[in-house]
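>>> give the three-dimensional model of this entry:
(one chain, ligands or ions: 1)
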Amino acid sequence: MSDASTPNSSVSRRRFWQVGACALGASLGGWGVWEAAKRSSQTTASPVIPAKATDYTPTEVMDLLTRGNERFTQGNMRAPNRNLERLKEVATQQAPFAAFLGCADSRVPIEIVFDQGFGDLFVTRIAGNVANPEIIGSLEFGTAILGAKVLFVLGHTSCGAVGAAMRGEEVPGQISTLFQHLRPAVRPARGDVAQAIRENVRHQANLVAESSPVIARLVREGRLRVAGGVYDLQSGRVEPVDL
Ligand SMILES: [Zn+2]
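Residues are numbered from 1 along each chain as shown. All right, here's what the predicted structure looks like:
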């Protein structure tokens, strides 16, 4: 039964795709337009910028991140280093110029927010961007071993983890294990979620900088800068937070 039906269904699938493709071509104004669109997408391919941590100072990395976020919010993304050429370049070694601690929220994809690509950023993400021991260990790896020049803690507006910790409500499973890391930031904010989000960035950044002797030494020697900011879900802009 299946032997007999397979060729027929395969033919009908082919026919479906042929018809579908013709219909799509026609809806775009014919194959000429289709081919022109293909050529256009090739000429605007992601540029490869051989960015390495050793090429930059912490101040220059802050400038790269600021300009990347500006391109993103203005709709001028270059989407650098997002192609197979860059993938191959960094396949055997990496030297990301910035390390991040961000929230796991699906609306805060850090490479996109800062308009960067493969091998540029060493990103750790966890709900509420909290600095637990495993996260601190990962950030030590990104900075002391891989050489990132900036360690950036990125919170975001309407953070569900910060809001839940503030309300102290009952949550399923092990979600509440995050609350212990968030309480020192949410308590002083007295119900102001926006302030708690900024305070949480400040608290987690200072925690990383002070509790890790490895990171503290890099900062002392001027080889690393710790910075913080809050990503606005509405505008895409990252507002700096004074630590
Ligand atoms: Zn969040």
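>>> residues near Val219, how many?
18 (other CB atoms under 10 Å). Bear in mind the C-beta positions are built from the backbone N, C-alpha and C, glycine included.
>>> which residues are in contact with it?
Residues in contact with Val219 (CB atoms under 8 Å, 6 or more residues apart in numbering) are Ala209, Arg225, Val226.
>>> sec struct for the last one, please.
What that stands for is Val226. What DSSP: H, G, I helix; E, B strand; the rest coil gives for Val226 is strand.
>>> so who does it touch?
Contacts of Val226 (CB under 8 Å, 6+ apart): Val150, Leu151, Phe152, Val153, Ala205, Val208, Ala209, Ile215, Val219, Leu243.
>>> likewise for the first one?
With contact set as CB under 8 Å, 6+ apart, Ala209 has these partners: Leu151, Ile215, Ala216, Val219, Val226, Leu243.
>>> the ion: which of the contacts of Val219 is nearest?
Proximity of the contacts of Val219 to the ion (CB to the ion) peaks at Val226, which lies at 19.8 Å.
>>> show me the beta-bridge partners of the closest one.
Residues in a beta bridge with Val226, per DSSP bridges, are Leu151.
>>> just the helices in the protein please.
2-27, 31-43, 58-73, 84-89, 110-113, 133-140, 160-167, 179-189, 193-211, 213-220 (DSSP state H).
>>> from the contacts of Val226, pick the one nearest the ion.
Checking the contacts of Val226 against the ion with CB to the ion, the nearest one is Val153 at 12.2 Å.
>>> count of residues packed around the closest one?
Number of residues near Val153 (other CB under 10 Å) recorded here: 30.
>>> now swap in Glu70 and tell me
14.
>>> what does Leu146 give?
Residues near Leu146, counting by other CB under 10 Å, number 16.
>>> that one: what's it in contact with?
Taking CB under 8 Å, 6+ apart, we find Leu146 in contact with Ala53, Gln94, Ala95, Pro96, Ala99, Phe122.
>>> contacts made by stretch 52-63 with the rest, please.
Residues contacting stretch 52-63 (CB under 8 Å, 6+ apart): 64, 95-98, 146-150, 222-225, 227.
>>> select only the buried ones of those residues in ChimeraX?
Buried residues within the contacts of stretch 52-63, by 16 or more other CB atoms under 10 Å, are selected in ChimeraX with:
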select :64,95,96,97,98,146,147,148,149,150,224,225,227
